[in-house]
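S.K.: Take a look and give me a structure for this.
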Amino acid sequence: MHKSALSQLIISMAIFGSVGFFSSRTGLPAVELVFVRCVCAFAILLAAWLLTGSFRRERWDARETLIVIACGVSNLLNWVFLFTAFRLISVTIAISLYHLAPILALIAGGLIFRDKLGRTAVFALAGCFAGTMLIMGAGFEGTAPSWKGMLCGVLAAIFYAATMLLGRSVRQTSVYATTFIQMAIGMALLLPFVHFNAYAGLVRSEWIYAVATGIVHTGVVYLLFFGSIRRLPSPTVAVFVFVDPAVAILLDVLVNGFRPDGLQTAGILLLFGSLLAAFAIPMRRTARPQAKL
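M.R.: Residues are numbered from 1 along each chain as shown. The predicted structure follows:
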């Protein structure tokens, strides 16, 4: 287990867990919000690429550049469908559907990268998935869910899984270049579809939330995320991306005043317990041999 990479993944997922909270306060439709994210993140990441001198050490490979471009397209579609889902269904249900992605990535990662799935990872992943499904199922009680919103959540999960797998295939291109190229692709593809009059009525607080999703939830998060997944196996990535819904649920409870019912509480406890087990058990195993020295 690469501890530095694992820490980066956990931090990035913890930050991203608040994206639903921020996006709901921007007052922007999905396409216009994603465009702001791309513009802000592109500026930050390009500046970091130049100021750190990373551009001098860049090694370009034609095949890998195509993978970076494909990753950028899948990432863009992931965002558009996710933020559309946030507008059509509750954040809790959208995030739960979105986290079908680790399951898809784990299965595909086993086939593509030949990753071995240990017993701890199997139980932790099953627990995380079961927990999110309990939360999602409870969210449907007494409601008429939007099937369009649910479809958007599933499509977001598919493209999120593709983004994770493609990101793991990038080895030579720096994290800075990988991410700012993806932001440039996002801006170029979205530009014909952006309704710029949507920005005219935004108040100051909405602009702050929108820009924050670009600088923090995109620029910072994607530097950490793409830097970490290159050095971690698929089972580890699949388990610890569930830090994202855990943070989203905490924000719902602590900030939005959400009060879970019995089924949701069981799902939350299962989710947090599985994450704790995934982190604690491997650390305990590595600590025992050290104690003998």
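
S.K.: Might you calculate how far stretch 183-200 sits from the centre of the chain?
M.R.: Relative to its chain's centre, stretch 183-200 lies at 21 Å (CA atoms, centre = their mean, to the nearest Å).

S.K.: ditto for stretch 98-112
M.R.: Offset of stretch 98-112 from its chain centre (CA atoms, centre = their mean): 13 Å.

S.K.: ok, and what's touching that stretch?
M.R.: 82, 85, 115, 117, 125, 128-129, 132, 153-154, 156-158, 160-161, 164-165, 168, 233-235, 237-239, 241-242, 244-245 (CB atoms under 8 Å, 6 or more residues apart in numbering). (Each C-beta comes from the backbone N, C-alpha and C, glycine too.)

S.K.: quick one: low-confidence ranges for the chain?
M.R.: Counting by pLDDT under 70, the chain contains low-confidence ranges at 1, 109-110, 113-118, 136-145, 256, 258, 260, 275-276, 278-293.

S.K.: Can you show me the strands along it?
M.R.: Here the chain has no strands by DSSP state E.

S.K.: Tell me where it has helices.
M.R.: All helices of the chain, identified by DSSP state H, fall at 3-16, 19-23, 30-51, 62-88, 91-98, 101-112, 119-139, 147-168, 175-190, 204-214, 221-229, 234-240, 243-254, 262-292.

S.K.: what sits up against the shortest one?
M.R.: Just to be clear, that refers to helix 19-23. The contact list for helix 19-23 (CB under 8 Å, 6+ apart) reads 33, 83, 86, 91, 94-95, 209, 212-213, 217, 248, 251, 255-256.

S.K.: what's the neighbour count on G214?
M.R.: If you count neighbours by other CB atoms under 10 Å, G214 ends up with 22.

S.K.: you'd agree it is up against V34?
M.R.: No: G214 is not in contact with V34 according to CB atoms under 8 Å; the separation is 9.4 Å.
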